[in-house]
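Visitor: Below: sequence and its predicted model.
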Amino acid sequence: MIRYLETISPERLEELLSFCSSDAFGVKAIGPVLSYGTGFEFVDAWEQRDGEGTLTAFVSRFYGSTVVCGSDGCDREELEAFLRAIGAQSLLGPEALLPSFREQGKTGPVLCLPGGDAWGGPSDDLPGNTALVFDDRFRDVYDVLAESDADRSPDRYDAFLTDLSHRIRHGTAHTVLLWEGEEPAATASILVELPEAVFCGAVATRPAFRGKHYASACLRALRERRPDCPLFLLCREEMQPFYERFGLSVTGRYLEIDPGRP
């Protein structure tokens, strides 16, 4: 049975955190709830439980973007019917959990670096003309991302800043920006930080600075903040070898439906 979570008690939140920390989709799904709670009209959350009351799936919607995670024991038929009923046009979840949505979306690998494993790859120190800045210079972070993603336009910066700064103030997100001299060169973020896991993304390097291992340096810096817990991320097919070089392994595949992308 699926029910709407109008409020979430501390005990229920603890249960949800434990359930969601085990995979990338759970970490991403619980992120908006952890950052904002459910007292805002732009955050919705639902849970699915079996006949014995065991939590089997969790769904969140943040500004219309829906993320779903589920255990092996979840009722997949009910879950898919529910997602269609709420009009989940923008949707992210495990490919295996959403078979009837496959023709509508794109897929890619889910990767994980287990807790305790160090970020691999080149370990040379950064040149003396570079510097790493944490949780600051958000306009420069956005501009680096915009050079790598045509969907990011200048008029979306205010919404980006409002959300990111809120998450950082509440300790559920972190950014790192790498500078070469006076120029912002690369960035990466912990988009959701839980007590037991982190979800990373927004990894980008400006074209003029590629080939210098700057993106890896940003991710290594984020890893060093939380070396004790699993690090999850999603990537495009062509980027899988890049991340595997640094010790991440494929744990599954995602399905993403985003009507705003071609």
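Guide: Yes, it's here.
Visitor: Which parts of this structure are strands?
Guide: Per DSSP state E, the chain has strands spanning 2-4, 43-49, 55-62, 65-70, 90-94, 106-113, 130-134, 174-180, 183-193, 198-205, 231-234, 249-257. These are given in chain order.
Visitor: Nearest spatial neighbour of residue 18, chain-adjacent residues omitted?
Guide: Sequence neighbours aside, residue 196 is the residue nearest to residue 18 in space, at 7.7 Å (criterion: Cβ to Cβ, 6 or more residues apart in numbering). Using the backbone N, CA and C atoms, a C-beta is placed for each residue, glycine as well.
Visitor: Would you confirm that residue 28 contacts residue 67?
Guide: Yes - applying Cβ atoms under 8 Å as the test, residue 28 and residue 67 come out as touching, 5.1 Å apart.
Visitor: Residues that sit against both of those two, list them.
Guide: The contact sets of residue 28 and residue 67 overlap at residue 92 (Cβ atoms under 8 Å, 6 or more residues apart in numbering).
Visitor: where in this protein is pLDDT low?
Guide: Screening the chain residue by residue with the criterion pLDDT under 70, one finds the ranges 122-124, 150-154, 260-262.
Visitor: so what are the domain limits for it?
Guide: Listed domain ranges for the chain are 2-107, 115-229 (source: automatic domain parsing).
Visitor: Tell me which of the ones you listed sits nearest to residue 247.
Guide: When the domains of the chain are compared by Cβ to Cβ, domain 115-229 sits nearest residue 247, at 3.9 Å.
Visitor: First-to-last residue distance for that closest one?
Guide: One end of domain 115-229 sits 4 Å from the other (Cα to Cα, to the nearest Å).
Visitor: just use 58 as the starting number from now, easier for me
Guide: Will do, 58 is the new start, and the previous item becomes domain 172-286.
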